[in-house]
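Asker: Sequence first, then the predicted structure:
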Amino acid sequence: MRIVKRILLAGTSLLLCLNLLTGCSWVSLGVLYGMLSESPDDSSDFYDPGSSTPDSSLTDDWEEPGWENWMNTATGSATYPESGTVLISVYLDTGLDWTEEDVALTQQYLQIAVEGLDQKGQAYQSGMDVVYDSRQDPRLAVNLSLDIPDVEDDLQLTNRALDAALAEAVDYRGLMEEYQTDSVAFLVFLNDSGVSYTIPYYQGDSAEWYWEKCYLYLYDLGGRRNYENPATYAHEMLHLFGAWDLYETNDTDGVTQQVVDYIRSEYPTELMLTTYNIWGGYTYDRVPQVISPLTAYAIGWIEDCPELDQFPTLERQQRCCFSYW
Ligand SMILES: [Zn+2]
């Protein structure tokens, strides 16, 4: 799932009120609002920004961040699949402790997602070059505690609070320099059940939305029973590099009903169409879905594809870039 800020700013709750059949699962406001409520019992392991903890007063103090000359104003912070993007895992404490086992599980699924994508990219003579593994480099993961009761209550406030906290907690500019890349994104892990989503940068957005983030739930929407699967991680990561959701129409992106029908018919196991396997369940040891030429085009694995003649609304002005026009 992907959230377009034009909709977001027009009313997050309106969006979340809708029961959307997504490739990932159903979203319903009741469940989304069913998050947390307990106070954190032991947050000693969590980075705490202390008195600068962002809260609702943040909106009053907020200053629009400026553009810096190294930033890519076309793609946002995650630039291209081959850019060696630094993916920083952010384990958000929203009232429930993260166990070592669950953190390890998310890193394992992340590895399966990245390797699955890289393998699929090879079919297009490309790949997925990202640095993500906090088991090898612990600096790639951070525990954060935010004074926000519900991260989905106000997505803009959450984004601001996260940016403020991350600027203090993670030397991501240093990491980017060390890994020799100008590309970075954040995987915000939520210890709860819900519909995972990504807020990608769109050309024309203010710098406020520059730092792109996937919000990945530990469990899917059905309660704390089924872990989110590696395919969901892979699906959300592809949004960072420009992939469209293909399970529903989207006027902003030019995803028409014809596009959705075409994908359903020709690529029923497309990763941007579904994160379920062909039996309607999850696969946890690999990413069984396929990447269609349209998605390969969207993320810049290929420069062109025959479907663009059929669906000219999908033609990109710039490689891997979402735009409002
Ligand atoms: Zn999506």
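Answerer: Happy to help now that I have it.

Asker: which parts of the stretch 1-150 of the chain sit against the ion?
Answerer: Contact residues (CB under 5 Å from the ion) of the stretch 1-150 of the chain with the ion: 1-2. Where you see a C-beta, it was placed from the backbone N, CA and C, and this is true even at glycine.

Asker: give the contact list for Tyr227.
Answerer: Applying CB atoms under 8 Å, 6 or more residues apart in numbering, we find Tyr227 in contact with 105, 109, 218-220, 282, 284.

Asker: same question, Gln107
Answerer: The neighbours of Gln107, taking CB under 8 Å, 6+ apart as the test, are 89, 133-135, 141.

Asker: what ranges of the stretch 151-300 of the chain fall below the confidence cut-off?
Answerer: Applying pLDDT under 70 to the stretch 151-300 of the chain picks out no residues at all.

Asker: Get me the contact residues on it for the ion.
Answerer: Going by CB under 5 Å from the ion, the residues of the stretch 151-300 of the chain near the ion are Asp245.

Asker: and the residue of the stretch 151-300 of the chain nearest the ion?
Answerer: Residue nearest to the ion within the stretch 151-300 of the chain: Asp245 (4.2 Å; CB to the ion).

Asker: sorry, back to before: now, of the contacts of Gln107, which are buried?
Answerer: Buried members of the contacts of Gln107, counted by 16 or more other CB atoms under 10 Å: 89, 133-134, 141.

Asker: Filter the residues you listed down to just the ones in strands.
Answerer: Among the buried ones among the contacts of Gln107, the members falling in strands are 89, 141 (criterion: DSSP state E).

Asker: Looking at the buried ones among the contacts of Gln107, spot the one nearest the ion.
Answerer: For the buried ones among the contacts of Gln107, the nearest to the ion is Ser89 (19.1 Å; CB to the ion).

Asker: and that closest one, how far is that from Asp129?
Answerer: 17 Å (CB to CB, to the nearest Å).

Asker: Strands of the stretch 101-250 of the chain, residue ranges please.
Answerer: Taking DSSP state E, counting those that start in this stretch as the criterion, the stretch 101-250 of the chain carries its strands at 130-131, 141-145, 184-193, 197-199, 202-203, 213-219.

Asker: looking at these, which is closest to Thr232?
Answerer: Across the strands of the stretch 101-250 of the chain, Thr232 has its closest neighbour in strand 213-219 (7.2 Å, CB to CB).

Asker: other SSEs contacting the closest one?
Answerer: The helices and strands touching strand 213-219, judged by 3 or more CB pairs under 8 Å, 6 or more residues apart in numbering; DSSP states H and E, are helix 100-122, strand 184-193, strand 197-199, helix 230-240.

Asker: Most tightly packed of these?
Answerer: Of all those, helix 230-240 carries the top mean neighbour count, a mean of 27, counting by mean count of other CB atoms under 10 Å.

Asker: Can I get the contacts of Gln107 in TSV including distance to Leu308 and pLDDT?
Answerer: Formatted as TSV, those follow (distance: CB to CB, whole Å; pLDDT from 0 to 100):
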residue	distance to Leu308	pLDDT
Ser89	35	98
Asp133	35	97
Ser134	38	97
Arg135	40	95
Ala141	39	98
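
Asker: Excluding chain neighbours, give the residue nearest to Tyr276 in space.
Answerer: Tyr282 (6.8 Å; CB to CB, 6 or more residues apart in numbering).

Asker: List only buried entries from the contacts of Tyr227.
Answerer: Among these, those classed as buried by 16+ other CB under 10 Å are 109, 218-220, 282.

Asker: possible to save the residues you listed as TSV with distance to Tyr276?
Answerer: Formatted as TSV, the buried ones among the contacts of Tyr227 follow (distance: CB to CB, whole Å):
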residue	distance to Tyr276
Tyr109	15
Leu218	18
Tyr219	15
Asp220	10
Tyr282	7
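
Asker: Quick check: the farthest pair among those residues?
Answerer: Pairwise distances across the buried ones among the contacts of Tyr227 peak at 13.4 Å for Leu218 and Tyr282 (criterion: CB to CB).

Asker: Identify the residue nearest the geometric centre of this structure.
Answerer: Nearest to the geometric centre of the chain sits Cys214, at 2.2 Å (CA atoms, centre = their mean).

Asker: Show the end-to-end separation of stretch 126-136, please.
Answerer: End-to-end span of stretch 126-136 (CA to CA, to the nearest Å): 24 Å.

Asker: Now it: buried residues?
Answerer: Applying a neighbour-count criterion of 16+ other CB under 10 Å, one finds 126-134 buried in stretch 126-136.

Asker: Repeat that for stretch 135-153.
Answerer: Going by neighbour count (16+ other CB under 10 Å), the buried part of stretch 135-153 is 140-146, 148, 150-153.

Asker: hmm, back to that, the residue nearest to Tyr276 should be in a helix, yeah?
Answerer: No - under DSSP: H, G, I helix; E, B strand; the rest coil, Tyr282 falls outside any helix and is assigned coil.

Asker: My read is that it contacts Asn226, right?
Answerer: Yes - applying CB atoms under 8 Å, one finds Tyr282 in contact with Asn226, separated by 6.4 Å.
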